[in-house]
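K.L.:
Coordinates for the following, if possible.
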Amino acid sequence: MSWKIYKVEKANGKKVIGYIGGSGDGLGSLPPMSESGPNPGSTAFLPSLNKTFWLDGDGTWIRTDGLTLKSIAVGTAPTKTSYKYGEKLDLSGIIVAATYSDDSTTQNVQDSCVYSPADGSVLNTAGTVTVTISYTEGETTKTTTQSITVTADLTGIAFTTQPTKTEYTVGDSLDLTGAVITASYTDGSTDTVTATFDPADNTELTEEGTVTITASYTENSITKTTTTTVTVAAAESDDT
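P.N.:
Have a look, this model is predicted:
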């Protein structure tokens, strides 16, 4: 349903109420004061709010019941609150309620709110993202917030520091002390992580040559691997 606006005109020395029309739905969509459009004293009925407003001399639409906007709050969170990095914000399902100066009058105003970031924005910041919600009536603006979670996907891991010990003799135990594994993510960030190794730390090295150590790390069902090598020399013989 759209608003209906009536402007005040003078004809033959009398005030005449003339129907202008209607379009849009919500206080934010009401047209500004103009010579051809609404003039001071014009009234507008908004079915979505079930309220009537009048246009004052400054061009501000004011509620005829005298109530003023006190606060807004998210009554129902958006259907989707968890995202992957790079997805678009979807605020479908959100309900924002405005509370007025009598503390008992409330109204759902989500369709007239301004959101930052806006609905449909690409989410390129990982972590907890705060959506700021603003609603204006007349010259009064109130804000509230809604938090969403944005997760960056794992793109790879690497040995950023090699193990302290890289040369062994057959029969020695693998020692991965000092090894540092760093994970990379779709948002460009990195983090030191705890990986699993094959062969595992303290495994006895029974064959000489180059041994490949594979590190694996899994996050959010995504597994990445990387490798390094150590050298194993033959044990000294006791034969003369």
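K.L.:
so where's the chain shaky on pLDDT?
P.N.:
By pLDDT under 70, the weakly predicted segments of the chain are 1-2, 7-21, 23-28, 238-240.
K.L.:
now do 80
P.N.:
Within the chain, the stretches with pLDDT under 80 are 1-31, 34-37, 39, 46-51, 138-139, 237-240.
K.L.:
tell me the domain boundaries of it?
P.N.:
4-63, 69-151, 154-233 (automatic domain parsing).
K.L.:
Could you export those as a markdown table, including mean neighbour count?
P.N.:
(Glycine included, C-beta is placed from N, CA and C.) Putting those into a markdown table (neighbours: other C-beta atoms under 10 Å) gives the following:
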| stretch | mean neighbour count |
| --- | --- |
| domain 4-63 | 15 |
| domain 69-151 | 16 |
| domain 154-233 | 14 |
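K.L.:
hang on, isn't Asn202 packed against Ser173?
P.N.:
Yes - counting by C-beta atoms under 8 Å, Asn202 touches Ser173, with 5.0 Å between them.
K.L.:
Just the element for Thr225, please.
P.N.:
Element membership for Thr225, per DSSP states H and E: strand 222-233.
K.L.:
Give me the sheet partners of that strand and which way each runs.
P.N.:
When pairing is defined by DSSP bridges, strand 222-233 lines up against strand 167-169 (parallel), strand 209-219 (antiparallel).
K.L.:
closest to Ser101 out of these?
P.N.:
Closest to Ser101 of the strands paired with strand 222-233, according to C-beta to C-beta: strand 209-219, at 49.7 Å.
K.L.:
Need the contact partners of that closest one.
P.N.:
154, 157, 159, 163, 174, 176, 179, 181, 183, 193-199, 205, 223-232 (C-beta atoms under 8 Å, 6 or more residues apart in numbering).
K.L.:
and it, how far from the chain's centre?
P.N.:
36 Å (C-alpha atoms, centre = their mean, to the nearest Å).
K.L.:
Gln162 and Thr194: what is the separation?
P.N.:
To Thr194, Gln162 is 17 Å away according to C-beta to C-beta, to the nearest Å.
K.L.:
that's a helix at Asp111, yeah?
P.N.:
Yes - Asp111 forms part of a helix when assessed by DSSP: H, G, I helix; E, B strand; the rest coil.
K.L.:
just checking, it touches Ser48?
P.N.:
Yes - under the criterion of C-beta under 8 Å, Asp111 makes contact with Ser48 at 7.0 Å.
K.L.:
Show the end-to-end separation of stretch 155-171, please.
P.N.:
Start-to-end span of stretch 155-171 (C-alpha to C-alpha, to the nearest Å) is 36 Å.
K.L.:
Just give the closest residue to Ile94, not the sequence neighbours.
P.N.:
Using C-beta to C-beta, 6 or more residues apart in numbering and skipping the chain neighbours, the partner closest in space to Ile94 is Pro78 (4.4 Å).
K.L.:
Identify the residues contacting the one you found.
P.N.:
90-94, 146, 148.
K.L.:
again, but for Thr145
P.N.:
74, 130-133.
K.L.:
who does whichever strand or helix holds it pair up with?
P.N.:
Thr145 belongs to strand 140-151 when assigned by DSSP H and E. Each strand paired with strand 140-151, and its direction, by DSSP bridges: strand 82-84 (parallel), strand 127-137 (antiparallel).
K.L.:
Please dump the ones you listed into TSV; it should also carry distance to Ala44 for every row.
P.N.:
Shown next, in TSV, are the strands paired with strand 140-151 (distance: least, C-beta to C-beta, whole Å):
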stretch	distance to Ala44
strand 82-84	38
strand 127-137	13
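K.L.:
can you tell me which of the ones you listed comes nearest to Pro38?
P.N.:
strand 127-137 (16.2 Å).
K.L.:
So Pro31 sits against Phe53, correct?
P.N.:
No - assessed by C-beta under 8 Å, Pro31 is found out of contact with Phe53, at 11.9 Å.
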